[in-house]
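S.K.: Quick one, structure for this:
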Amino acid sequence: MTGLYGTKWTKEHGLADRTGAWLNTLKDLDPKLLALGIKRCQQEKDWPPSVPEFLRLCQPKPEDIGLPPMAKAWLEANDGAGSPSHHPWSHRAVYLAGRETGWHELRSALTAQEQRDAKVRFANAYQALIIKAVNGESLEPQKAIERQFDPTIYSEQLQRKTMKEQGIDPLDGAGARAKLKGMSFDG
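M.R.: Modelled structure (predicted):
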């Protein structure tokens, strides 16, 4: 910051972070996000930002990674909430943020407070997805691999079970044939 702002910075903060506020706030910040904040300071700020201002500069905007801006995503989520599975979503992140907020909540927010609450939940979910995208993470949690139903396997299992119940050894073909020949199929 001293390199960016010179005496504007050192007058307020000195050569080092006197109070430790910057260090405490930024110590867990992802280096990519820190670099983004510094880049935005270079482009946008004539005066050194406060710690909260700098944190806001560190947050990626959806447009930075090809997503619709927050306001546009919010409108789209509301438009698609009535039939989310049939809406032509501009991006999967908009859909996922809407789903996280709750389709019912989006459709039924009538009062100004309910709408604000839903919008805050949507914005938080959308921002979390943006950060995942910036970090190259999958937007959706990985699901456990489920056993797929195979009707052939199920049919064979059912057949073996039925044969055992009838006293037929499913592994003894000749014995099974003889047993079947001796069975009466009359109703």
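S.K.: By residue count, which helix of this structure is the longest?
M.R.: Secondary structure of the chain read by DSSP state H shows that its longest helix is helix 112-134.
S.K.: okay, now L57: neighbour count?
M.R.: 19 (other C-beta atoms under 10 Å). (Glycine included, C-beta is placed from N, CA and C.)
S.K.: my read: it touches S50, true?
M.R.: No - look at L57 against S50 with C-beta atoms under 8 Å: they stay out of range, at 10.5 Å.
S.K.: Strands of this protein, start to end?
M.R.: Taking DSSP state E, the chain contains no strands at all.
S.K.: In it, where is pLDDT below threshold?
M.R.: For the chain, the stretches flagged by pLDDT under 70 are 17, 142-154, 183-187.
S.K.: For it, which segments are assigned as helices?
M.R.: Using DSSP H, helices in the chain cover 2-5, 7-13, 21-26, 31-44, 51-58, 70-80, 92-101, 103-108, 112-134, 151-165, 173-182.
S.K.: Now do the buried residues in the third one.
M.R.: By neighbour count, with 16 or more other C-beta atoms under 10 Å as the criterion, the buried positions of helix 21-26 are W22, L26.
S.K.: Show me what it packs onto, helices and strands only.
M.R.: helix 51-58 (3 or more C-beta pairs under 8 Å, 6 or more residues apart in numbering; DSSP states H and E).
S.K.: what sits against P69?
M.R.: K61, P62, E63 (C-beta atoms under 8 Å, 6 or more residues apart in numbering).
S.K.: Now do the same contact list for the closest residue to E44 other than its chain neighbours.
M.R.: Leaving out its chain neighbours, the residue that sits closest to E44 by C-beta to C-beta, 6 or more residues apart in numbering is L57, at 7.4 Å. By C-beta under 8 Å, 6+ apart, the residues touching L57 are L36, G37, R40, C41, E44, K45, P49.
S.K.: Narrow those to those that are buried.
M.R.: The buried subset of those - by 16+ other C-beta under 10 Å - is L36, G37, R40, C41, P49.
S.K.: Go through these and say which is closest to K179.
M.R.: Taking C-beta to C-beta as the measure, K179 sits nearest to L36 out of these, at 75.2 Å.
S.K.: How about the contacts made by the residue nearest to that closest one when sequence neighbours are not counted?
M.R.: Excluding the flanking residues, the one nearest L36 by C-beta to C-beta, 6+ apart is C58, at 5.7 Å. Applying C-beta under 8 Å, 6+ apart to C58 gives the contacts L29, L33, L34, L36, G37, R40.
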